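Undergrad: Sequence below, structure please.
(4 chains)
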Protein chains: 2
Amino acid sequence: MPKRADLSDTFCPVGRSAELLGDRAVLLILRDLFFGRRRFEAIAANTGLGPQLVSARLKLLEKEGVVERHAYQAKPLRHEYRLTDKGKDLFDVLYAMRGWAERWAYRDGETGGGPAMRYLHRACGTDVGTATICPGCGALLGYGDLKGEPSPALKAEQAARAG
Amino acid sequence: MPKRADLSDTFCPVGRSAELLGDRAVLLILRDLFFGRRRFEAIAANTGLGPQLVSARLKLLEKEGVVERHAYQAKPLRHEYRLTDKGKDLFDVLYAMRGWAERWAYRDGETGGGPAMRYLHRACGTDVGTATICPGCGALLGYGDLKGEPSPALKAEQAARAG
DNA sequence: GATAGTAACTATGATAATCATAGTGACAAG
DNA sequence: CTTGTCACTATGATTATCATAGTTACTATC
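TA: Residues are numbered from 1 along each chain as shown, chains lettered A, B, ... in the order given. Down below sits the predicted model:
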């Protein structure tokens, strides 16, 4: 790519988000962070992205205040990456993307019947499907309210990438 | 870029969405389509993307079943692009992106006080802010329920690009 | 105490996507 | 019959991405 046009000073809010989120690598890294993968190598392995790209994007996300680098051991200095509040607030975007894909992006029977990823409302145990409001108790759903459970097929895929 | 890794057969729903949505041009074009811009030239002018990119992405979106090409005149054959149901269902994603940006992506006072883009609930007239449930009447908000109104600054920017 | 990991990166070169700019085809209007 | 509009396609320079290999700083094993 050439020097891509800069959208960081548009007044359009979607344009501003697109500057950061309109990038496959950023989206995949955020997904992994929301999933609890905080280590560089774990993210690189699961996303399938090269270390150079992961490095560049984590630096960008850090600069944007979406993730924080955190040392988790000192002897050989090692860092992990954590979502900030600004980062956690991106959950709605990723959750909407997941909902759309569950509804439209799978051929019949491909997942073996259910969704590729099931979400349960922690408070009441209801399977929320792709809803943003719990069908069981009516509560508005956000990051932390939900417990994700990958389908067997997805779990197998992740295990294969980690090995 | 090299031949980018293919995510269309991951079982991860975010990965599948990212295959399409992890692209600045796609996001900007979708934004314009949701905004009612259906003509090639209007989209190219407003997004600032070159005609080649717009052409390529519209073809991709059509292939994915997100937009439909529709002839609006026959003499000189002219087409416009419309969102399909699958495309309209992406509203939640774009709306979540907009909400995040309104909350985090503007420096103080940059928009002149309010949000860069105001959304009113058609049914009750309430300004919904960045909520997904109407603060006035409690209804769940989707595409078609909302009326967007760009701020003066955003309106001026769009007019400048169209000129 | 030399070899083999482990984790988090950086370096290198080939490939391909993006941008800017210009051009095309079909018609309408002046 | 020249100019204008709309929806594109063509071309060449630039640069991001991928694949692969290498680096640094330790720890654990033989």
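Undergrad: So which residues of chain A form helices?
TA: With DSSP state H as the criterion, chain A has helices at A:13-21, A:24-34, A:40-47, A:51-63, A:85-88, A:91-104, A:152-162.
Undergrad: Pull the residues that contact the second one.
TA: When contacts are taken as C-beta atoms under 8 Å, 6 or more residues apart in numbering or on different chains, the neighbours of helix A:24-34 outside the stretch itself are A:20-21, A:42-43, A:46-47, A:49, A:53-54, A:57-58, A:60-61, A:66-67, A:81-83, A:87, A:90-91, A:94, A:97, A:143, B:4, B:7, B:12, B:14-15, B:17-19, B:21-23. Placement of C-beta: from N, CA and C, glycine included.
Undergrad: quick one: pLDDT of the residue most central in space within chain A?
TA: Geometric centre of chain A, nearest residue: residue A:31, 1.6 Å, by C-alpha atoms, centre = their mean. You'll see residue A:31 listed with a pLDDT of 97.
Undergrad: State the distance from it to DNA strand D.
TA: Taking C-beta to the nearest atom of the strand, to the nearest Å as the criterion, residue A:31 is separated from DNA strand D by 15 Å.
Undergrad: how much space between that residue and residue B:18?
TA: Using C-beta to C-beta, to the nearest Å, one gets 8 Å for the distance from residue A:31 to residue B:18.
Undergrad: for residue A:56, same thing?
TA: Relative to residue B:18, residue A:56 is positioned 17 Å away (C-beta to C-beta).
Undergrad: neighbour-wise, which of these two wins?
TA: Higher neighbour count among residue A:56 and residue B:18: residue B:18, with 26 against 13, using other C-beta atoms under 10 Å in any protein chain shown.
Undergrad: pretty sure residue A:82 is in contact with residue A:71, am I right?
TA: No. Residue A:82 is not in contact with residue A:71 according to C-beta atoms under 8 Å; the separation is 11.3 Å.
Undergrad: Looking at these two, which has the bigger crowd around it?
TA: When neighbours are counted by other C-beta under 10 Å, residue A:82 comes out ahead of the other of residue A:82 and residue A:71, with 14 against 9.
Undergrad: give me every residue that touches the more buried one.
TA: In this structure, residue A:82 makes contact with A:33, A:38, A:67, A:68, A:70, judged by C-beta under 8 Å, 6+ apart.
Undergrad: Any chance of a markdown table for the residues you listed, columns neighbour count and distance to residue A:157?
TA: As requested, the contacts of residue A:82 are exported to a markdown table (neighbours: other C-beta atoms under 10 Å in any protein chain shown; distance: C-beta to C-beta, whole Å):
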| residue | neighbour count | distance to residue A:157 |
| --- | --- | --- |
| A:33 | 23 | 19 |
| A:38 | 17 | 20 |
| A:67 | 24 | 24 |
| A:68 | 14 | 29 |
| A:70 | 11 | 28 |
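Undergrad: if we can go back for a sec, would you mind finding the most buried of the helices of chain A?
TA: Most buried of the helices of chain A, by mean neighbour count (mean count of other C-beta atoms under 10 Å in any protein chain shown): helix A:13-21, with a mean of 25.
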